[in-house]
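Visitor: Give me a 3D structure for the following:
(chains A and B)
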Amino acid sequence: MKRSRTASLILMGSAPLLLTACSHEPDAVRSGLYTSVDACVAAGNDATACSDAYVKAAQEAKTDAPAFSTARECEARYGELACVERTVGGHGYFMPMMAGFMLAQAMRGNTATGAFRSAAAFRDNANGWHQAPWQNQGPPNQNPPAGGGYGSGGGYAGGFRSGSGRALETVTSAPDRAVTTVGRGGFGSGGAARGMGFHGFGG
Amino acid sequence: MQRIAITERADWRAQAAAYGFGFHTIDAAPYWDEAAYYAFTLREIERAIEAPTQTLHQMALDLVDRIVGDERRLRQLAIPEAYWDWIAHSWKTRTPHLYGRMDLAYDGIGAAKLYELNYDTPTSLYEAAFFQWQWLEDRIADGTLPRDADQFNAIQERLVERFAALAPRITQPFHFSAVRDSIEDQGTIAYLRDCALQAGIRCGTLAIEDIGISVDGRFTDLDDRAIGCLFKLYPLEDLFAEAFGRYLPRSGLQLIEPPWKAILSNKGILPLLWEAHPGHPNLLPARLDDGSPLPPGWVRKPLHSREGANVTLRLADGHEVATPGPYAGPCIIQACHPLTAFAGQYPLVGSWVVGDAACGMGLREDRTLVTQDSARFVPHAIIA
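Guide: Below you'll find the predicted structure:
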């Protein structure tokens, strides 16, 4: 058979199906990338968890940030103002400063259940985000399950080594909402310019 | 390949309304047209359409590899220099792509010939993948077509599979975007979003005009969230040229189709394909236009025109057909291989690639040799 076995619509049809059964969204874990403790709290996380995660990530960043032997290499990847010199294991390295942190928590409804995990996050000069390895919080073996907020490696991550020798992961969740939009309408002018009609821009 | 006139389904307009097909009639002219269908044999589909589509797709991808680092080629394709590194990076990291459609001239006799690749903003997707599929099911059920009739159309199944495969690499929030006032483009993104939801991906829609820019150079949605991934049914070359374009390379935005599609969605790829594979049975001779008068037997097309606009076709006998349109800029010329008429109509095959798999087709026929936005979508069936 050369055609689809079935073809149904869930939103476009006049009798849309309920979406709940279709969502693979792991609702048991809330995981996010935050650029400040305030943004972390504003996203609905517990204030203590946010500040603990921030402190732990900042400590981790001192040893697990990507390490470069020259300032130039570090700045080429992370931008001119983002790099500092640090000593790790008796060696001097140039490392980007932490630009954000990850917090992942197992949730039941809106309540965190038990431990959280945190990680330092770094932003490269193309605005890509990368995280250091997850750090567990709380008693061992009570880690929230992984999932949802971050992906595994790929992309930029392959080229990086953290100071501790562990590879960074690419962060696929967008940073928090602490964003100030300064303009809109910078896309879409082609329509007016061409007298775009019904057909739009598809071809 | 035959064109067969049949009666329409009595209730197709009601079905169109029920299934959200809002653009079946355009300015009082029919767009979806089921007063006829095209019948193919399985052999025609598999040997003349599916296999060449797969081959041409691979040839096109192979070319991207050779062009991304070649300044002269990028200049020939009129891609602005500010975007070269970004495009090259997106290719090097294989930023995922979703789909494309190639337009093939095919008449059931000769080899299918590639007219062009619509690899950035292809439309006629919903009608090919969904409404055409429904048509076949109905026509088998009502006995108009034999029980073993089939269709080259696994497009929707492949789309849902493709979204499921992309899911771990899609950054949230994820929006489908098109210009606000195009019913057709809005219908196409509504359909794609439906497929993404079926694959379990959380996603919304956003008008291209509503995209914002943040103080630190990220693109934002109407909730002031930094957009993670944007599917844009809007030409890459327009994004490049417009006010916010300069923020793209450093914004961290994941785009579908990805930046490297700028190389393939450009008619400048046609001379490069011919140069790499001269004499290939599914390619037409093509070269960059040097501005000299169009010789008989050649067609001139702008690098970026869509919907058959601004095309000049000069038949071997010197007769010329030119279509109007808003596109200017550099052009290519391509050997003229006129469509074959079936009952006075000129059908063009749109052969779909989802991910990297040839998986279906839709035919659009027009009354003229150049298929334009007046073309009607006519369903097809595979009849043993």
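Visitor: what's the longest strand in chain A?
Guide: Ranked by number of residues, the top strand in chain A under DSSP state E is strand A:111-123.
Visitor: continuing past that strand, what's the next helix or strand?
Guide: Note on strand A:111-123: by DSSP states H and E, the next helix or strand toward the C-terminus is strand A:129-131.
Visitor: so the nearest residue to residue A:49 once chain neighbours are set aside bridges to which residues?
Guide: The shortest distance from residue A:49 to any non-neighbouring residue, by CB to CB, 6 or more residues apart in numbering or on different chains, is to residue A:116 (5.3 Å). C-beta coordinates here come from the backbone N, C-alpha and C atoms, glycine included. On the basis of DSSP bridges, residue A:116 is bridged to residue A:105.
Visitor: Residue A:116 is in contact with residue A:48, isn't it?
Guide: No: counting by CB atoms under 8 Å, residue A:116 sits too far from residue A:48 to count as a contact (9.9 Å).
Visitor: more crowded one of the two?
Guide: Higher neighbour count among residue A:116 and residue A:48: residue A:116, with 30 against 11, using other CB atoms under 10 Å in any protein chain shown.
Visitor: as a whole number, average confidence for stretch B:24-41?
Guide: Stretch B:24-41 comes out with an average pLDDT of 94.
Visitor: Stretch B:86-106 now?
Guide: In this model, stretch B:86-106 carries a mean pLDDT of 97.
Visitor: Tell me the buried residues in it?
Guide: Residues B:86-91, B:93, B:95-106 are the ones in stretch B:86-106 that count as buried (16 or more other CB atoms under 10 Å in any protein chain shown).
Visitor: show me where chain B has helices.
Guide: B:12-18, B:42-43, B:51-67, B:71-76, B:84-92, B:125-126, B:132-141, B:155-166, B:183-198, B:236-241, B:261-264, B:269-276 (DSSP state H).
Visitor: quick revisit: tell me the contacts of the residue nearest to residue A:49?
Guide: Shown in contact with residue A:116 (CB atoms under 8 Å, 6 or more residues apart in numbering or on different chains): A:49, A:52, A:53, A:103, A:104, A:105, A:106, A:137, A:138, A:144.
Visitor: Spatially nearest residue to the fourth one, not counting backbone neighbours?
Guide: What that stands for is residue A:103. Nearest non-adjacent residue to residue A:103, counting by CB to CB, 6+ apart: residue A:53, 4.4 Å away.
Visitor: roughly how far apart are residue B:343 and residue A:65?
Guide: Using CB to CB, to the nearest Å, residue B:343 is found at 69 Å from residue A:65.
Visitor: out of the two, which sits in the busier spot?
Guide: Between residue B:343 and residue A:65, counted using other CB under 10 Å, the more crowded position is residue A:65 (29 against 11).
Visitor: For that one, what are phi and psi?
Guide: phi -70, psi 160 (degrees, to the nearest 10).
Visitor: Residue A:76: which element?
Guide: Using DSSP H and E, residue A:76 falls within helix A:71-78.
Visitor: Following element in sequence after that helix, please.
Guide: Next helix or strand after helix A:71-78 toward the C-terminus (DSSP H and E): strand A:83-88.
Visitor: now that following strand against helix A:71-78, angle please.
Guide: Interaxial angle of strand A:83-88 relative to helix A:71-78 (axes from the mean of the first three to the mean of the last three CA atoms, to 10 degrees): 120 degrees.
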